[in-house]
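K.L.:
Below is the sequence, then the predicted model.
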Amino acid sequence: MDATQSLVEAIEKFAPAIKSAAALVGAGICMGFGAIGPGVGEGFAAGKACEGISRRPEEYSQLFRTMLIGQAVSESTGIYSLVIALLLIGKAG
Amino acid sequence: MKRLLRNSSLALVAMLTASSYAFAEGALDAPMPIEIHGWFFSHDTIVMCGVVAFVITALCWLGSRGLSKEKPGKAQVLLEMIVTAFDDLVKQSIGPTRGRKYLPYIGTLFLFVWTCNMIGMVPIEHSYIGAEPYHDFNHNGSFDPGEWDQPKDDLNKNGMHDPGFRVPAFEEPTANLNVPLGLALLFVLFIGHGSEIRIHGLWGYIKSYFSPEGMIGICMFPLNVVGKIAEIVSISFRLFGNIFGGVVIITVVSGLLSYILVPIGLFGFFGVFVGTVQAFVFTMLALTYISMGAAEE
């Protein structure tokens, strides 16, 4: 009984520190995992664009523009995780 | 061409500014919020939207003076290049006759967002002109360190401290979520859905939510509604996240490296490159969402 009570007291004492630590760790994990998808996707798009340009160099500008738009769209999940990470850092206080 | 330039530069920038004013309230980290009836308006964002609109209007007005077919000046050639590029873009995605109507909107959107992204490079910080000495705000001549942490704006409420004329920081208005959200609402919701209602009729617009014909369409209704909402959310958060992330990275990395020479490269990448690409992407996606409802058959 005594041990449980002291444990509860300790948790209450360190609750703000635990909360901010969890928020910061969460922000790091969020950014780390959220950056995988856009990295793979954008690399794939760039590789395919390279193939296309090497096959038809005269279509360079069209391919480059399409590649940029596709990359910016596939980047959006990474941007969401960035926003969430920034919100979590704000929570850490 | 002359009328097109003038119309797009004057009327639409004014309209855009008004919309940005309406939606530019509150902020994640508003430096100098103005409270009106419990609503917080970000001083910086509103003033910067006005500055951007003024800059675009002034440049277009200056550039479109004395247009001539025989001897076009440098400014006229530049403006004609911009207008022609967007003319081609709009005609490709919407159609040769109907696309012309959307040209001023799309061109102005790109110019506004691009200038918004570029204006963060103007090196003007928050400052107060003609303010009282900050440590003497109690008028008792004593320095009270306990009050240091309070924001400067609170000091004015009891009339004890005169902050003077506030110079807003030149930072990107698009780094405040409310501006991209307002632009997305204006362009995707009002112009996109509005032109769809106007072209296909209200019944055709409602029917587009049950897009595959028959029984499957009724089951797809919630998915279509979520898809329409996700358009607005994704387009606005993409611009906001890119610009805001760029601002944060520039600030943090410049601070780590003691502001020696590195910020130029950072501004070159995150300011110029990412800003241009994201402005173009925002414009292209808005055009795509508009053309889904408004494209000619």
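P.N.:
Great, that's in hand. Residues are numbered from 1 along each chain as shown, chains lettered A, B, ... in the order given.
K.L.:
Show me where the stretch 151-297 of chain B has its helices.
P.N.:
B:178-184, B:194-207, B:215-219, B:221-256, B:262-266, B:274-294 (DSSP state H, counting those that start in this stretch).
K.L.:
Include mean neighbour count and distance to chain A when you put the ones you listed into TSV, please.
P.N.:
Heads up, the C-betas are built off the backbone N, CA and C, glycines and all. TSV is the format used below for these (neighbours: other Cβ atoms under 10 Å in any protein chain shown; distance: least, Cβ to the nearest Cβ, whole Å):
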stretch	mean neighbour count	distance to chain A
helix B:178-184	25	11
helix B:194-207	14	22
helix B:215-219	11	26
helix B:221-256	17	3
helix B:262-266	14	17
helix B:274-294	22	4
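K.L.:
what's the closest of these to A:Ala72?
P.N.:
If you check each of those against A:Ala72 by Cβ to Cβ, helix B:274-294 wins as the nearest, at 4.1 Å.
K.L.:
CA atoms only for that closest one - export them in PDB, please.
P.N.:
The C-alpha coordinates for helix B:274-294 follow below in PDB (Å, rounded to 0.1, in the frame of the first residue of the first chain):
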ATOM      1  CA  VAL B 274      10.700  25.900 -52.500                       C
ATOM      2  CA  GLY B 275       8.700  29.100 -52.600                       C
ATOM      3  CA  THR B 276       8.500  29.100 -56.300                       C
ATOM      4  CA  VAL B 277       7.700  25.400 -56.600                       C
ATOM      5  CA  GLN B 278       5.000  25.600 -54.000                       C
ATOM      6  CA  ALA B 279       3.400  28.600 -55.500                       C
ATOM      7  CA  PHE B 280       3.400  26.900 -58.800                       C
ATOM      8  CA  VAL B 281       2.000  23.700 -57.300                       C
ATOM      9  CA  PHE B 282      -0.700  25.600 -55.400                       C
ATOM     10  CA  THR B 283      -1.800  27.300 -58.600                       C
ATOM     11  CA  MET B 284      -1.700  24.100 -60.600                       C
ATOM     12  CA  LEU B 285      -3.700  22.200 -58.100                       C
ATOM     13  CA  ALA B 286      -6.300  24.900 -57.800                       C
ATOM     14  CA  LEU B 287      -6.500  25.000 -61.600                       C
ATOM     15  CA  THR B 288      -6.900  21.200 -61.600                       C
ATOM     16  CA  TYR B 289      -9.700  21.300 -59.000                       C
ATOM     17  CA  ILE B 290     -11.400  24.100 -60.900                       C
ATOM     18  CA  SER B 291     -11.100  22.300 -64.200                       C
ATOM     19  CA  MET B 292     -12.700  19.100 -62.700                       C
ATOM     20  CA  GLY B 293     -16.000  21.000 -62.700                       C
ATOM     21  CA  ALA B 294     -15.500  23.600 -65.300                       C
END
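K.L.:
Give me the angle between that helix and helix B:221-256.
P.N.:
170 degrees (axes from the mean of the first three to the mean of the last three Cα atoms, to 10 degrees).
K.L.:
which one is A:Lys48 nearest to, not counting chain neighbours?
P.N.:
Counting by Cβ to Cβ, 6 or more residues apart in numbering or on different chains, A:Met67 is the residue found nearest to A:Lys48 once chain neighbours are left out, at 7.9 Å.
K.L.:
Tell me how many other residues surround that neighbour.
P.N.:
Applying other Cβ atoms under 10 Å in any protein chain shown, we find 19 residues neighbouring A:Met67.
K.L.:
what sits against it?
P.N.:
Residues in contact with A:Met67 (Cβ atoms under 8 Å, 6 or more residues apart in numbering or on different chains) are A:45-46, A:48-49.
K.L.:
same thing but 10 Å
P.N.:
A:42, A:45-50, A:52-53 (Cβ atoms under 10 Å, 6 or more residues apart in numbering or on different chains).
K.L.:
Am I right that it is in a helix?
P.N.:
Yes - A:Met67 sits within a helix when classified using DSSP: H, G, I helix; E, B strand; the rest coil.
K.L.:
Good, wrapping up.
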